[in-house]
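S.K.: Make a model of this:
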Amino acid sequence: MRILKIIVFLFLSCSGYLFAADIRPELSSKLIPDSLKKNAYGIIRSESTVFTYKSETTGLQEYKMTLTVLDKKGKDLAVFRYPGDKFRELSNFSAKLYDANGFLLNKYGISDVKTSEWTDSHTLADDVKRYFFSCDIPSYPFTIVYEYNINFKNGILGFPAYAPQDNHNLSVEQSTYTLKFPEGLVYQFKSFNLPEKPVQTIKKGIVSLNWKIENLKAMESEPFEPDFEKITSLLLVSPINFSYDNVKGTISDWKTFGDWVYGLINNRNVLTDETKLKIRDLTKDAKSDREKVKILYDYLGKTTRYVSIQLGIGGYQPMLAAEVCKTGFGDCKALTNYLKSMLEVVGIKSNYTVIRLDKTDKLIYRDFPNFYQMNHVILQVPLPNDTLWLECTNPRTPFGFVHNGISGHDALVVNEDGGKIYRLPDYADSLNVESFNAKIEVSGDGSAKSACQKICKMKAYDKYDWFSLAKPSEQADDLRGDLNIPTATLGTITVKEDKAALPSMEINYSWSTPQYGTKTGNRLFLPVNPFRTTYDGLKKSNRKYDIVIANGYLDCDSIVIVLPADFVVETLPAPVEIKSKFGNFSSNVSVVGVTVVVKQKVFISSGSWDVSSYPDLVAFFEKISTNYKSKIIVRKKTI
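M.R.: Modelled structure (predicted):
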């Protein structure tokens with residue numbers, strides 16, 4: 001009996017110990033304040049980032065996060081992804097999954113993390129090693145606790161960015177960010193929506209800077225909101241002096257950033273004598289420098305193709321110009337440097353230019369030189385009467401056209417004097433035109449057929465630069481998406497491009513439908529404009545952020561509706577003229593003989609407006625929607 005009691009005691013003691021280890025009551029989702037649950041798919045309960053800067057080439061990031069996901073809409077918030085490479089490596093990974101009450105469901109280690117060196121079709125080579133982890137979720141809500149380290153090696157261009165609330169619909173209960181580095185390190189930082197000054201301590205020659213935030217409520221996505229990094233919490237920090245893949249540099253201002261970039265491209269412009277002869281022969285009959293530039297730009301497009309090459313310092317340093325000429329491929333850096341080198345042969349100066357493509361905020365931080373805002377290279381050619389900004393990676397970009405990805409953006413122009421920021425030209429909103437011209441023949445049973453022309457100019461053209469190369473089925477699917485007629489069948493499609501400096505595209509096609517509008521008794525209710533969707537869905541209240549319309553445009557439509565011979569017009573929409581600080585709208589529907597002629601225009605202006613203007617924006621779009629939804633009523637003639 002005594003032995004049995006001892007066994008029972010040990011069992012109960014052990015099971016009690018295991019029970020205590022397998023539950024964390026403080027993780028119960030019931031303990032989350034309601035204010036943090038509002039509009040949230042997930043809540044960061046606690047987060048800690050500690051980055052220790054050891055030298056110009058090495059550092060250690062230690063990260064911990066406890067995240068509760070409320071429902072399936074937040075599942076992706078719990079997925080771990082990290083883009084490692086030869087400069088950053090994952091180590092000491094662990095994850096623990098808990099249910100809604102804090103009971104441990106599963107544990108994971110670094111062996112459960114998947115890695116991939118897969119690259120897309122445009123990438124020839126890179127040293128990225130992507131890390132990925134996702135666990136099976138039995139029910140919601142759940143909590144996941146991550147702990148891992150990232151080893152920095154071979155160079156540090158910037159410290160890990162601090163963005164605790166990096167998604168919409170994510171709340172943050174508590175988050176801290178700590179930097180540790182030796183005394184005397186010269187650094188710079190820029191922050192948004194964070195305490196102006198961190199808490200600083202110094203111990204045994206090591207400086208610690210600590211930022212802390214609490215109780216960030218979830219942000220809902222809003223139409224026409226500012227760039228996300230301007231409305232969330234963000235910290236960017238970088239050392240002034242750095243080393244990257246054994247190449248040292250200084251980034252105290254944009255000039256010194258340009259000095260470093262120029263050092264990477266200097267003397268990489270050498271071409272063979274044979275290539276130089278070819279270049280001179282190509283341009284010998286050109287009547288101007290601009291014509292020479294166009295000839296060599298077209299030659300670049302015909303003889304090379306874009307591939308991404310990001311190996312070590314090769315992520316910033318271009319291939320040799322002669323190597324691009326020999327192989328016929330290169331990335332944005334290499335192709336830009338190659339065209340620059342060809343222009344030098346014919347005595348035309350050009351400048352290697354660094355820019356960012358994928359940000360709605362087009363402006364560079366003038367007071368914070370950084371690598372974060374740069375991910376692309378183009379070529380500036382300052383001719384006497386015109387400055388060209390050439391996209392060397394896409395030969396389909398019309399010569400002289402500043403495409404959507406870079407128009408109006410700040411860029412760093414690099415030459416022997418270092419770097420200087422320039423603002424690229426942008427186009428007037430009224431030039432960005434999309435128009436439909438259509439003749440629609442309606443039959444008495446409500447069926448219809450149409451000959452249609454779609455014209456896209458400038459930025460509207462740029463969105464369609466893929467269209468002429470697409471398969472007919474892809475073209476048809478896209479055009480069908482323009483029609484608010486689910487039963488439409490498309491006919492033959494033809495495309496005509498004008499690849500001038502102010503480019504345009506003309507698409508001609510036909511469509512038919514067994515039901516154009518609705519038929520009730522002897523009446524037909526016909527859509528005024530089948531090509532335009534309404535501006536419905538804007539919330540009318542609780543707007544939080546200012547209004548930003550990045551790109552303005554003009555929609556201009558002309559539609560002729562041919563009525564059945566035995567039908568007459570009963571009701572037409574009244575003429576409308578709406579003017580607003582956001583743009584204007586006009587609509588005129590009239591009877592001309594046996595036809596109804598529809599003329600409609602919408603102009604939307606780019607710009608920024610205070611949040612107090614939001615009710616005016618909603619009202620403006622609602623008026624447009626009302627007119628787009630209006631109907632033409634025709635009835636059969638009575639005998």
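
S.K.: From here on, just use CA atoms for contacts and neighbour counts.
M.R.: Will do.

S.K.: quick one: strands adjacent to the strand or helix carrying residue 249?
M.R.: Assigned by DSSP states H and E, residue 249 falls within strand 247-250. Strand pairing for strand 247-250, using DSSP bridges, gives strand 241-244 (antiparallel).

S.K.: for the partner strand, the distance to its chain's centre please.
M.R.: 29 Å (Cα atoms, centre = their mean, to the nearest Å).

S.K.: mind checking the end-to-end distance for stretch 625-636?
M.R.: 28 Å (Cα to Cα, to the nearest Å).

S.K.: buried sites along it?
M.R.: For stretch 625-636, a neighbour-count test (16 or more other Cα atoms under 10 Å) marks 625, 627-628, 630-636 as buried.

S.K.: Could you tell me which of these belong to strands?
M.R.: Within the buried residues of stretch 625-636, residues falling in strands by DSSP state E are 631-636.

S.K.: what's the farthest-apart pair in these?
M.R.: 631 and 636 (16.2 Å; Cα to Cα).

S.K.: Show me what the helix or strand that contains residue 597 pairs with in its sheet, parallel or antiparallel.
M.R.: Element membership for residue 597 (DSSP H and E) is strand 595-604. Strand pairing for strand 595-604, determined by DSSP bridges: strand 553-562 (antiparallel), strand 583-592 (antiparallel).

S.K.: Residue 80 is nearest to which of these?
M.R.: Across the strands paired with strand 595-604, closest to residue 80 is strand 553-562 (Cα to Cα), at 39.2 Å.

S.K.: Next secondary structure after that closest one?
M.R.: Using DSSP H and E, the first helix or strand after strand 553-562 is strand 567-571.

S.K.: Can you list the strands that that following strand pairs with?
M.R.: strand 631-636 (antiparallel).

S.K.: ok, and what's touching the partner strand?
M.R.: For strand 631-636, the external contacting residues (Cα atoms under 8 Å, 6 or more residues apart in numbering) are 522-528, 566-573.

S.K.: returning to what we had before: show the average pLDDT along the strand holding residue 597.
M.R.: Mean per-residue pLDDT for strand 595-604: 97.

S.K.: what's downstream of it, the next helix or strand?
M.R.: According to DSSP H and E, the helix or strand after strand 595-604 is strand 607-609.

S.K.: Adjacent strands (with direction) for that next one?
M.R.: Applying DSSP bridges to the sheet, strand 607-609 is found paired with strand 547-549 (antiparallel).

S.K.: quick one: the strand it pairs with to chain centroid distance?
M.R.: Here strand 547-549 is found 16 Å from its chain centre; the criterion is Cα atoms, centre = their mean.

S.K.: State the mean pLDDT of it.
M.R.: 95.

S.K.: pLDDT averaged over the strand holding residue 249, what's the number?
M.R.: The model assigns strand 247-250 a mean pLDDT of 94.

S.K.: Not counting its own residues, what contacts whatever helix or strand residue 299 lives in?
M.R.: Following DSSP H and E, one finds residue 299 within helix 289-303. The contact list for helix 289-303 (Cα under 8 Å, 6+ apart) reads 279, 282-283, 286, 328, 335, 339, 342-343, 348, 383, 392, 394-396, 399.

S.K.: ok, and the most crowded of those?
M.R.: Most neighbours among the contacts of helix 289-303, by other Cα atoms under 10 Å: residue 335, with 32 neighbours.

S.K.: mind listing what the residue nearest to that residue when sequence neighbours are not counted touches?
M.R.: Spatial nearest neighbour of residue 335, chain neighbours left out: residue 392 (5.9 Å); criterion: Cα to Cα, 6 or more residues apart in numbering. Taking Cα under 8 Å, 6+ apart, we find residue 392 in contact with 297, 300-301, 332, 335-336, 339, 378-379.

S.K.: what does residue 305 give?
M.R.: 328-330, 393.

S.K.: Can you read off the pLDDT for the residue lying closest to residue 572 once chain neighbours are set aside?
M.R.: Residue nearest to residue 572 in three dimensions, not counting chain neighbours: residue 632, with 5.2 Å by Cα to Cα, 6+ apart. The pLDDT attached to residue 632 in the predicted structure is 96.

S.K.: Helices along this structure, start to end?
M.R.: Taking DSSP state H, the helices of the chain run over residues 2-21, 34-37, 228-231, 254-265, 273-283, 289-303, 321-327, 332-345, 459-462, 472-480, 614-628.

S.K.: Nearest to residue 206, out of these?
M.R.: Closest to residue 206 of those is helix 254-265 (Cα to Cα; 27.5 Å).

S.K.: Show me the contact partners of the closest one.
M.R.: 249-251, 316-318, 337, 366, 369-370, 412-421.

S.K.: just the buried members of those?
M.R.: 249-251, 316-318, 337, 369-370, 412-415, 418-421.

S.K.: Narrow those to those in strands?
M.R.: Checking the buried ones among the contacts of helix 254-265 against DSSP E, those in strands are 249-250, 412-415, 418-421.

S.K.: Of the contacts of helix 289-303, which pair is most distant in space?
M.R.: Most distant of the contacts of helix 289-303, by Cα to Cα, are 328 and 383, 27.2 Å apart.

S.K.: on that earlier part again, what pairs with the residue nearest to residue 572 across the strands?
M.R.: Beta-bridge partners of residue 632, as defined by DSSP bridges: residue 526.

S.K.: do residue 592 as well
M.R.: What pairs with residue 592, by the bridge criterion (DSSP bridges), is residue 595.

S.K.: That one and residue 561: what is the separation?
M.R.: Distance, residue 592 to residue 561, by Cα to Cα: 10 Å.
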